[in-house]
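Trainee: Provide a 3D model corresponding to the input given below.
(chains A and B)
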Amino acid sequence: MTIKRTIDQIHELYASGESTPGEITKAALDRIERDNAGLNAFLMVDREGAERRAKAMNAGIKADLTHKPLAGIPVAIKDNLCAEGLRTTCASRILGNYVPPYTATAVRKLEEAGAIIVGKTNLDEFAMGGSTENSAFGPSRNPWNVDYVPGGSSGGSAVAVAAGHVPVSLGSDTGGSIRQPASFCGIVGLKPTYGRVSRYGLVAFASSLDQIGPLANNVRDTARMLQVISGHDRYDSTSANVEVPDYLGALTGDIKGLRIGVPSECFGEGLDAEVREKVEAAIKLLEDRGARVVEVSLPHTRYVVAVYYIIATAEASSNLARFDGVRYGFRAEESRTLSEMYRRTRDEGFGAEVKRRIMLGTFVLSSGYYDAYYEKAQRVRAMLVNDFAEAFRKCDVIATPTAPTPPFRIGEKSDDPLAMYLGDIYTVTINLAGVPAISIPCGVSKDNLPIGIQFIGPHFEEARLLNAAYAMEK
Amino acid sequence: MKEGWEAVIGLEVHAQLNTDSKIFCACSTSFGEEPNQNTCPVCLGLPGALPVLNRQAVNNAGKAALAINLKINPESIFSRKNYFYPDLPKGYQISQFDRPFSEHGQVEILTSERDEGGRPVDWQLRRFGITRAHIEEDAGKSVHDIGDPTKSHVNLNRAGTPLLEIVSEPDFRTSWEAYDYVTFLRRTLQYIDVCDGNMEEGNLRCDANVSVRPAGREKFGTRAEIKNLNSLRFLQKAIDYEIDRQIALIEAGGEVVQETRLWNEKENKTYTMRSKEDAHDYRYFPEPDLPPLEVSQAWMEQLRAELPELPEARRQRFIRQYELSPDEAFTLTGQRELADYFEEAATTAGNPRAAANWVLSELLRELKNASIDITRSKISAGSLGSLIKLIDDQTISGKIAKDVFVDMFATGKAPEEIVKEKGLVQITDTSAIEKVVDEVIGANPKQFEQYRSGKTALLGFFVGQVIKATGGKANPQAVNEILKSRLDA
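Mentor: As a prediction, this is how the structure comes out:
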């Protein structure tokens, strides 16, 4: 595996003149080119643009280092984030060769901070899935063992970091899509508080759950990325007008007295023994470093997968209505009527999982079913928010496994959507409650596959999560 | 309407709110641009774009809601109305459903049936309930290619224009009540400058729900919804057509089916557009991209304070205070500036009746001929009032006043100035008039003889001659009296 450099290490090379953005970027692009046939992390590589922008930074890089936190850093972004002029597919046929005319706020912030966007990464189609197998352009593969899935839906972004293509990447997380692939690929992934990062330019899956967040090899780089992309955006009415703290400055590693809540509901049936062992060991480690473990309860945990798949699919059924073949993207040709054009375009353009979710979502919003499904799910969601508020009276951070199992084999769950959905049990709750959570590696299985632990914090307490993760990482 | 039947009518009015930019993006709302010129990622529904609510649209909606006595909800929520159509870029319309912007309104307006010539026959004050008014975005327009029937084009310039949908209670019983209500809405919204109210251009659109039932029965009949009513006249005619159609259908043993019908203005008929079975399930749910819309008490009070006296209230006051007819008061309150003008002229003149007459006949005619509106009249309201005073205190005659008015309209000069310049002061001095009378009688011996022999109708001839000889300045009443005394002596 390639030597992975941190942002700080790359910046040292720039400061000392040992290397330049042009060289680092070229090296990244070369590695991507070398690996992509095997790993399929990238759906599009902007070699020409990235090299041009990187070289243009060479001369001024030392000055840039003083005020651009990502000066000359190659970054990969998930292919459901718009960047002007770069083809955006969401790993779907239906977007065809769609090229957005504008740039997502989070991506623009990366560029303003000096990052070099090298390409767009693979995902489950429209971010719907937990393995990146639902991509219309083939699955990504886990760099730890290419027979295994890298997780999803931000699988490509996780692989690109884990394989050392880029030090950091952006993903999106609707029900675990950053944290679970981070866990499966042995890296760090953070889902910020809902509203912390602007969603403008993120192709929506479930608007009330989606958040953009960073994936990185270490906590410091994660913090730095979060620092850059956070903040209020007037183009996203759901982005929060809450001050952004100094995330890097919060990394003291001191967790003395930190109360770590452990919810028994997350350590019961369905949890793989190896995962349980590693996660419990990690909690023990934190205890050794001064944290206090307290028992908390998340009593509605057994409903979360059902609630999530009602709310997320309801919103998705509406969000994906715009892909109709009228204005952009793929259109089934030779249709005789408008409704035939709609039907064929959407039938041929969407993959099986996306269609399944559109149908589910359409059903739960239908007249006569709305109250029994969507309305009830919203009420349970409100209870979940309350569960967390209660739990955070007793603790500062909640610790759970990120996923109930280590990575599984490609194809292992492809024919069993329900088994796949149950893998989301520890992550979807967080999106439903809108709180932040981070996944960091806590061990390796006997098959040499990574296992992650998840820390959950109260709204806008990312700094606390990052520091807890940092303490573990040390 | 046929004896023994009653119609029940409810109206849904869509008013485009006057704003500089669209409701959820910064694109211009200007009319008549090249197709798809006024668009951006948001109103094109491009992937990843998000809506941001325009404050100006909410402001206009607030004013409109208060003007028609609706209660504004302190918190309302936007919902998505899901359906597929090529001119609906996102595949859903952002509208409001469960908790709308405003609810529970009621208006009291003058309404009247019309005779065959379309003239009002009996103005009555009636109350109509308004269920709700909610904020939503407009769709774009589909244009079907006449040259190539396999092609249709979509113009999204209109997509995202702010709308206020005003839904009435089923309180109307005749087409003219509906006509007067929509007229009232249009005038009110124009008056407070929140909507242009042009039905032909589509910035005020109206759908009517019509059903019939035997007179005296409580239960509503099955209703049909009529669309495509792009003028007040079409609205009225379509409702009448629909009432007759439904009655005839039932009397022939048939049944009204719940459906949407389109008005065909060429044939003066309504046609089935889609039946209930084809009706959409819109799958409304709360719009997750927009937080609830919060309206503070302070802001609402501020809006209320900014509202002027509204045209219908003003009309009713004019009828009471100035003893004008409902029709006169209707015309005078059609535009805020015109109503202000009338009141100022009436006050200056101390004669509201005369002020109303002058404004309604002379002034409006001249304005129309010159194709200008009241704000560009060269005659100020004060000047018109002064002119009326000059008549009332007999400085000039009514006939001279009309000439002075024409001069004022052209030059903008004060009436006193024109009267002085042209020496138009009325002659009321009896001796001066007597002198002219004697001259006129002396110059027309033949007519004098005829008069004396009983042809007294010639009095008019003599009056005319005397007025003419004084250049119109002689007071006609004095001339009459003096002539009579001389001729009959």
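Trainee: Strands of the stretch 101-250 of chain B, start to end?
Mentor: Using DSSP state E, counting those that start in this stretch, the strands of the stretch 101-250 of chain B run over residues B:102-111, B:124-137, B:141-144, B:152-155, B:162-168, B:204-214, B:224-229.
Trainee: Show me which residues of the longest one are buried.
Mentor: By neighbour count with 16 or more other Cβ atoms under 10 Å in any protein chain shown, strand B:124-137 contains the buried residues B:126, B:128, B:130-137. Placement of C-beta: from N, CA and C, glycine included.
Trainee: The residue nearest the centre of chain B and chain A, how far apart?
Mentor: Geometric centre of chain B, nearest residue: B:Arg187, 4.1 Å, by Cα atoms, centre = their mean. To chain A, B:Arg187 is 35 Å away according to Cβ to the nearest Cβ, to the nearest Å.
Trainee: Tell me which stretches of the stretch 351-474 of chain A form helices.
Mentor: Ranges of helices in the stretch 351-474 of chain A, per DSSP state H, counting those that start in this stretch, are A:352-365, A:376-394, A:417-422, A:428-433, A:462-473.
Trainee: outside of the last one, which residues touch it?
Mentor: This means helix A:462-473. Here helix A:462-473 makes contact (Cβ atoms under 8 Å, 6 or more residues apart in numbering or on different chains) with A:188, A:190, A:192-193, A:196, A:218-220, A:222-223, A:226, A:245-247, A:250-255, A:258, A:260, A:282, A:285-286, A:289, A:291, A:396-397, A:436-438, A:440, A:442, A:453, A:455-457.
Trainee: taking these one by one, which sit in strands?
Mentor: The strands, defined by DSSP state E, take in A:188, A:190, A:260, A:397, A:437-438, A:440, A:442, A:453, A:455-456 from those.
Trainee: Quick check: chain neighbours aside, which residue is closest to A:Ala281?
Mentor: A:Gly443 (6.8 Å; Cβ to Cβ, 6 or more residues apart in numbering or on different chains).
Trainee: Tell me what the one you found is bridged to.
Mentor: A:Gly443 forms beta bridges with A:Ile451, as assigned by DSSP bridges.
Trainee: list the contacts for it?
Mentor: Counting by Cβ under 8 Å, 6+ apart, A:Gly443 touches A:278, A:281-282, A:450-451.
Trainee: re the thing from before, in JSON lines, list the ones in strands among the contacts of helix A:462-473 along with distance to chain B and pLDDT.
Mentor: Below are those laid out as JSON lines (distance: Cβ to the nearest Cβ, whole Å; pLDDT from 0 to 100):
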{"residue": "A:Val188", "distance to chain B": "26", "pLDDT": "98"}
{"residue": "A:Leu190", "distance to chain B": "21", "pLDDT": "98"}
{"residue": "A:Ile260", "distance to chain B": "32", "pLDDT": "98"}
{"residue": "A:Val397", "distance to chain B": "28", "pLDDT": "98"}
{"residue": "A:Ala437", "distance to chain B": "20", "pLDDT": "98"}
{"residue": "A:Ile438", "distance to chain B": "24", "pLDDT": "98"}
{"residue": "A:Ile440", "distance to chain B": "29", "pLDDT": "98"}
{"residue": "A:Cys442", "distance to chain B": "33", "pLDDT": "97"}
{"residue": "A:Ile453", "distance to chain B": "30", "pLDDT": "98"}
{"residue": "A:Phe455", "distance to chain B": "26", "pLDDT": "98"}
{"residue": "A:Ile456", "distance to chain B": "22", "pLDDT": "98"}
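Trainee: can you put those residues in TSV and add neighbour count?
Mentor: Converted to TSV, those look like this (neighbours: other Cβ atoms under 10 Å in any protein chain shown):
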residue	neighbour count
A:Val188	30
A:Leu190	31
A:Ile260	20
A:Val397	24
A:Ala437	30
A:Ile438	31
A:Ile440	28
A:Cys442	25
A:Ile453	27
A:Phe455	26
A:Ile456	28
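Trainee: which residues of the stretch 151-300 of chain B fall in helices?
Mentor: Per DSSP H, counting those that start in this stretch, the stretch 151-300 of chain B carries helices over the ranges B:175-191, B:232-251, B:297-306.
Trainee: And for whichever helix or strand comes after the shortest one, what's in contact with it?
Mentor: Going back to what we said before, that points to helix B:297-306. Sequence order places helix B:311-322 as the next helix or strand after helix B:297-306, per DSSP states H and E. Outside helix B:311-322, the residues within contact range by Cβ under 8 Å, 6+ apart are B:107-110, B:125, B:184, B:187-188, B:191, B:309, B:324-326, B:328-330, B:332-334, B:336, B:339, B:342, B:346, B:352-353, B:356.
Trainee: Report the buried members of those.
Mentor: With burial judged by 16+ other Cβ under 10 Å, the buried subset of those is B:107, B:109-110, B:184, B:187-188, B:191, B:324, B:326, B:328-330, B:332-334, B:336, B:339, B:342, B:346, B:352, B:356.
Trainee: so where is the stretch 251-400 of chain B shaky, pLDDT-wise?
Mentor: For the stretch 251-400 of chain B, the stretches with pLDDT under 70 are B:277-278.
Trainee: meant to ask about chain A, not that
Mentor: For chain A, residues meeting the criterion pLDDT under 70 lie at A:1-3.
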